[in-house]
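In: Below is the sequence, then the predicted model.
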Amino acid sequence: MAISNLPDELPNPDVVLLDVREDDEWQAGHAPDALHIPLGELGARLGELPTDHDVFVVCRSGGRSARATAYLNQNGWDAVNVDGGMKAWAAAGRSVVSESGNDAEIL
């Protein structure tokens, strides 16, 4: 799986990587420097997203992030769904960290 729509260099000061997975998924493994807002909380937490940055949205495989991307675009953000989600992220050899310090995994 390719993650062709994601900038090669992250962190990037012009990009926010938004992870919309659930807490247990985030705890097990996530991209460094990502912002975590579960999909179910996104509407209530829009104020945490900068309006002057591109927002790349990621979930496990792309379904939830597609819904989040559509919602954000309807509400004034320039959001892009990350192709293949965190599964593709990890398969591409990008860094994944866990909150516990254990080996990171994508749930």
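Out: In hand now; what should we look at?
In: list the buried ones in stretch 82-101?
Out: Residues of stretch 82-101 classed as buried: Val82, Asp83, Gly84, Gly85, Met86, Lys87, Ala88, Trp89, Ala90, Val96 (neighbour count, 16 or more other C-beta atoms under 10 Å). All C-beta atoms are positioned from the backbone trio N, CA, C, and that covers glycine.
In: Distance check, the first one against Glu41.
Out: For Val82, the distance to Glu41 (C-beta to C-beta, to the nearest Å) stands at 19 Å.
In: same thing with the third one?
Out: When distances are taken as C-beta to C-beta, Gly84 and Glu41 turn out to be 23 Å apart.
In: And for Val20?
Out: With distances taken as C-beta to C-beta, Val20 is found 9 Å from Glu41.
In: ditto for Leu35
Out: Leu35 is 12 Å from Glu41, by C-beta to C-beta.
In: now swap in Ala91 and tell me
Out: When Ala91 is compared with Glu41 (using C-beta to C-beta), they lie 27 Å apart.
In: same thing with Arg64?
Out: For Arg64, the distance to Glu41 equals 12 Å [C-beta to C-beta].
In: who's more crowded, those two?
Out: The neighbour count for Arg64 versus Glu41, taken as other C-beta atoms under 10 Å, is higher for Arg64 (23 against 13).
In: what about the closest residue to Gly76 other than its chain neighbours, neighbour count?
Out: Leaving aside its sequence neighbours, Gly76 sits nearest to Thr51 (C-beta to C-beta, 6 or more residues apart in numbering; 6.8 Å). The tally of other residues near Thr51 (other C-beta under 10 Å) stands at 11.
In: try the one 4 residues further on
Out: The burial count assigned to Val55 is 20, neighbours taken as other C-beta under 10 Å.
In: so it touches Asp19, yeah?
Out: No: the pair Val55 / Asp19 is not scored as a contact, 11.1 Å apart, by C-beta atoms under 8 Å.
In: Which strands or helices does the top helix by length along the chain pack on?
Out: As assigned by DSSP state H, the longest helix anywhere in the chain is helix 63-74. Identification of packing neighbours for helix 63-74 by 3 or more C-beta pairs under 8 Å, 6 or more residues apart in numbering; DSSP states H and E yields strand 54-58, strand 79-81.
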